[in-house]
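Engineer: just a sequence and a predicted model for now, questions to come.
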Amino acid sequence: MNKTDKILIAGAAGMVGSAIMRTLLAQDFQNIIGTYHRNVPEKLKGIHYRRVNLLDPVACSTLFSEEEPDYIFYAAAKVGGIVANNTYRAQFLYENLVIQNNVIHTAYLSQVKKLLFLGSSCIYPKNAPQPIREEYLLTGELEYTNEPYAVAKIAGLKMCENYNLQYGTDYISVMPTNLYGPNDNYDLENSHVLPALIRKFHEAKTTGAPNVIIWGTGSPLREFMHVDDLAAAVVFLMQKYSGNQIVNIGWGKDISIKELAYLIREVVGYEGTLIFDHSRPDGTSRKLLDVSRLTKLGFTPRIPLQEGITKTYADFVKKYTA
């Protein structure tokens, strides 16, 4: 990518899209468009924003014909934690399929130079060997609680692969691990575990609650990556990598939910008791990505977990408790 190329980020209001925009601005890219739909993004100087409903193929086509982007970072998606995925199963499947179909096909029709598709580590089989290598895709049963979302994401990366094969496009797919950071979703019912714990501990600290209830047993192992590391990785890959092989993006290290809870408790400064509610679902017992392909390409993340959580908590306090 040249600094003056027109770069479109689909999903500018989300945690990932906003992080990609910050990274591109920091690297002096000058022609950036950010799309959003329902949620209005935090406006960054140097970004041209457009409200677009990417579920509408006509609106998507109009966006491409008017803006004529050279490069696309596809970060638009309907996302959520275990409860949201398992409750809104039809919406997660339908909306993610339609949005990605519209964007990928319109990118082809518009002769976009390159597209990067952001998937999710939930695409891998529920009982995949650990750490999870990219070639384990489609070798086993998916985790039921997020199966619709995973199926949609698998369809998206296969769409990119097969457009490359049939039409000679340059579309790449990456699979991030669990992400956290600025602009995360802190809703206690629909968010992922790390932001939900930040909010729970903060509210317990503020109200003086004697204990905090943690969903599940605390035994599952999860890998977490700060979204700024993810953004740095995808900008790196957009410039350095082409091919049909998907690329995992993560730290290559994991932590139990119980250890994570105690770490967040320490960062927030909460002194009460933790109670683990075994009636709530745990999800997959372990999910750790093999990131050797990313490492060989030359990328290494830089934000350790405790440092990242500390920065994220500061952002939460600034934006959501004022």
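Structural biologist: Yep, that arrived.
Engineer: any low-confidence regions in the protein?
Structural biologist: Under the criterion pLDDT under 70, the flagged ranges of the chain are 80-81, 190, 322.
Engineer: now do the helices in it.
Structural biologist: Ranges of helices in the chain, per DSSP state H, are 15-26, 57-67, 82-87, 89-109, 147-167, 193-207, 227-240, 257-268, 292-297, 305-320.
Engineer: looking at those, which is buried most?
Structural biologist: Each of the helices of the chain was scored by mean neighbour count; the highest is helix 15-26, a mean of 22, by mean count of other CB atoms under 10 Å. For the C-beta atoms, the positions are set from N, CA and C on the backbone; glycine is no exception.
Engineer: now for that one, which elements pack on it?
Structural biologist: Counting contacts by 3 or more CB pairs under 8 Å, 6 or more residues apart in numbering; DSSP states H and E, helix 15-26 packs against strand 7-10, strand 32-36, strand 178-180, helix 227-240.
Engineer: now these as TSV including distance to Gly218?
Structural biologist: As requested, the helices and strands packed on helix 15-26 are exported to TSV (distance: least, CB to CB, whole Å):
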stretch	distance to Gly218
strand 7-10	36
strand 32-36	36
strand 178-180	16
helix 227-240	24
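Engineer: between the ones you listed, which gets nearest to Leu109?
Structural biologist: Proximity to Leu109 (CB to CB) singles out strand 7-10 among the helices and strands packed on helix 15-26, at 14.4 Å.
Engineer: so which of the helices of the chain is nearest Ile214?
Structural biologist: That would be helix 257-268 among the helices of the chain, by CB to CB, at 5.3 Å.
Engineer: what angle sits between the closest one and helix 305-320?
Structural biologist: 60 degrees (axes from the mean of the first three to the mean of the last three CA atoms, to 10 degrees).
Engineer: who's in contact with helix 257-268?
Structural biologist: 193-194, 197-198, 201-202, 205, 212, 214, 216-222, 224, 255, 274, 276, 282, 305-306, 309-310, 313 (CB atoms under 8 Å, 6 or more residues apart in numbering).
Engineer: what does stretch 237-248 give?
Structural biologist: Taking CB under 8 Å, 6+ apart as the rule, stretch 237-248 contacts 1, 71, 73, 114, 116, 119, 121, 132-134, 137, 157, 161, 164-165, 170, 172-175, 177, 289-291, 293-294, 297-299.
Engineer: filter those down to the buried ones and hand me the ChimeraX line.
Structural biologist: Buried residues among the contacts of stretch 237-248 (16 or more other CB atoms under 10 Å), as a ChimeraX selection:
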select :1,71,73,114,116,119,121,132,133,134,137,157,161,164,170,172,173,174,175,177,289,290,291,293,294,299
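Engineer: which one of the helices of the chain lies closest to Asn127?
Structural biologist: helix 147-167 (13.8 Å).
Engineer: and the angle from that closest one to helix 89-109?
Structural biologist: 20 degrees.
Engineer: quick one: list the elements packing against helix 147-167.
Structural biologist: So helix 147-167, by 3+ CB pairs under 8 Å, 6+ apart, packs with helix 89-109, strand 114-118, strand 171-176.
Engineer: what is the orientation angle of the first one with strand 32-36?
Structural biologist: Between the axis of helix 89-109 and that of strand 32-36 there is an angle of 150 degrees, by the same axes, to 10 degrees.
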